[in-house]
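[1] please work out how this folds:
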Amino acid sequence: MNEASPIIRIDNVTKRFGQSVVAVSEVGLEIREGEFFALLGPSGCGKTTLLRMLAGFEIPTEGEIYIDGQPMTGVQPNRRPVNMVFQSYAVFPHMTVFDNVAYGMKVTGVAGPEMRERVEEALELVQLAGFGDRKPDQLSGGQRQRVALARALVKRPKVLLLDEPLSALDAKLREAMQMELVRLQHTVGITFVVVTHDQSEALSMADRIAVMDRGAVKQVAPPADLYEFPNSRFVADFIGRMNLFEGKVVNANPDRLTLAVDGIGTIEVPGPPGTAMDSVGVAVRPEKTRISGLHPGNGQIAIEGVVEAIAYQGNESHIVLDLGDGARIAATLQNSSRTTTPVAAIGDRLWASWAAADTLILSD
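    This next block holds a predicted model:
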């Protein structure tokens, strides 16, 4: 992967609908060649509009999009080195699988042995070799999605755009198809850009993720960096589960902060020096939070509370403690032993604790 040569460059792009609706606001992004890149965010954040601008179905109000070094202003969708897979699959029900995959090549004049060879190659890539004579109604949802992928890949685009490609599938098939998309992207080696609102989907598939909110990109990072080092309250709260409290910096030493945290009290955490009395977000992931009937001792941040809710989820249990004055903290515990004994009961008085180094300080 050549970081110096992005396959896509989005240069200060804004998209307005009418006078009042700003769907995408001053977005600047570079997407690398051969990268699996995800646009992630809640509904209405602008991610699909941005994808449609890459495809040429929407035109930027301001800014420029470059694909493979070429500006895309005035370039029609069918002339761009991209192809798009839609949420609804959009396979033709009256055509066979082979004809669905071959359709785009027939339109552009590719025919004969070359067309057949490329269709069969594409079907093999998506593990549908031998399915060419079937109709879409003879296929499962996952297989129809693979037909849509094959039809996009057969034209050998430089970039494959995927708009919520797995949202119509059930949970188990969706998980299997996530791994299938990663395998496929590694096999073909082209750039994939996927739009999703599903955090776990983006984390499991993408090399890098751009988190969007209200038309703007909030953070771009690899999945692990995004999860462990979010740069704002929004990203921390949106990516996975998070305990998020409001606090103030009351003392800043060269490598340590003293914080007054609502619902918790005064704590000390590692961190760079800041301005005294700065308002900050103080956060810790539930899976980094421990639950015990005893005070954990020195070296841990600890707070006592009453068990308010327990959610058993098979491999793990999610426990919420009421800390008083409206404050709550959640902990995720792995059910590592085979037992039917609950890890706690509603009303139990327990301690929640975590390592100071696992505390996130969020200034935005």
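[2] list the buried residues in stretch 180-198.
    Buried residues in stretch 180-198, defined by neighbour count with 16 or more other CB atoms under 10 Å: 180-182, 184-185, 188, 190-198. The way it works is simple: take the backbone N, C-alpha and C, and place the C-beta from them, glycine included.
[3] any low-confidence regions in the chain?
    1-4, 89, 273-277 (pLDDT under 70).
[4] which residue ranges of it form helices?
    47-55, 97-108, 112-125, 141-153, 171-188, 199-205, 223-228, 233-238 (DSSP state H).
[5] just flag the most distant two among the buried residues of stretch 180-198.
    Maximum pairwise distance in the buried residues of stretch 180-198, criterion CB to CB, is 25.3 Å, between 188 and 197.
[6] how about the contacts made by the spatially most central residue of the chain?
    Nearest residue to the geometric centre of the chain (CA atoms, centre = their mean): residue 202, 2.9 Å. Shown in contact with residue 202 (CB atoms under 8 Å, 6 or more residues apart in numbering): 38, 40, 194, 196, 209, 223.
[7] and what of residue 38?
    For residue 38, the contact set (CB under 8 Å, 6+ apart) comprises 193-196, 201-202, 205-206, 208-210.
[8] make JSON lines out of the helices of the chain and add distance to residue 8.
    Formatted as JSON lines, the helices of the chain follow (distance: least, CB to CB, whole Å):
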{"stretch": "helix 47-55", "distance to residue 8": "7"}
{"stretch": "helix 97-108", "distance to residue 8": "21"}
{"stretch": "helix 112-125", "distance to residue 8": "22"}
{"stretch": "helix 141-153", "distance to residue 8": "16"}
{"stretch": "helix 171-188", "distance to residue 8": "15"}
{"stretch": "helix 199-205", "distance to residue 8": "17"}
{"stretch": "helix 223-228", "distance to residue 8": "19"}
{"stretch": "helix 233-238", "distance to residue 8": "22"}
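[9] to residue 82, which of those helices lies closest?
    helix 47-55 (5.9 Å).
[10] just how off-centre is the closest one within its chain?
    Computed by CA atoms, centre = their mean, to the nearest Å, the chain-centroid distance of helix 47-55 equals 16 Å.
[11] do the same with stretch 228-236
    With CA atoms, centre = their mean, you get 13 Å for stretch 228-236.
[12] try stretch 233-242
    Once both centres are worked out by CA atoms, centre = their mean, stretch 233-242 turns out to sit 12 Å from its chain's centre.
[13] send the alpha carbons of that stretch over as CSV?
    Output in CSV follows, covering the C-alpha atoms of stretch 233-242 (Å, rounded to 0.1, in the frame of the first residue of the first chain):
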residue,chain,number,x,y,z
ARG,A,233,-16.8,12.9,23.2
PHE,A,234,-18.9,12.1,20.0
VAL,A,235,-16.4,9.5,18.7
ALA,A,236,-15.9,8.0,22.1
ASP,A,237,-19.6,7.6,22.7
PHE,A,238,-20.4,6.5,19.1
ILE,A,239,-17.8,3.8,18.8
GLY,A,240,-18.8,0.9,21.0
ARG,A,241,-20.0,1.2,24.6
MET,A,242,-18.6,3.9,26.8
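[14] from the rest of the structure, what touches that stretch?
    Under the criterion CB under 8 Å, 6+ apart, residues 41-42, 199-200, 203, 211, 213, 218-219, 226-227, 230, 244, 281, 283-287, 318, 330, 332, 360, 362, 364 lie in contact with stretch 233-242.
[15] in the sheet, who's paired with the nearest residue to residue 265 once chain neighbours are set aside?
    Spatially, and ignoring its direct neighbours in sequence, residue 265 is nearest to residue 303 (7.4 Å; CB to CB, 6 or more residues apart in numbering). When bridges are called by DSSP bridges, residue 303 pairs up with residue 352.
[16] does residue 303 touch residue 349 like I think?
    No. Using CB atoms under 8 Å, residue 303 makes no contact with residue 349, being 11.7 Å away.
[17] quick one, which of the two is more surrounded?
    Taking neighbours as other CB atoms under 10 Å, residue 303 and residue 349 compare with residue 303 leading, 19 against 10.
[18] for that one, which residues are in contact?
    263-265, 321, 323, 329, 351-353.
[19] can you flag the buried ones in the residues you listed?
    Neighbour-count burial (16+ other CB under 10 Å) applied to the contacts of residue 303 gives 263-264, 321, 323, 329, 351-353.
[20] nearest to residue 123, of those?
    Closest to residue 123, out of all of these and judged by CB to CB, is residue 329, at 51.2 Å.
[21] for that closest one, what are its contacts?
    Residue 329 neighbours (CB under 8 Å, 6+ apart): 243, 263, 289, 303, 305, 320-321, 323, 352.
[22] hmm, try it at 7 Å
    243, 289, 303, 305, 321, 323, 352 (CB atoms under 7 Å, 6 or more residues apart in numbering).
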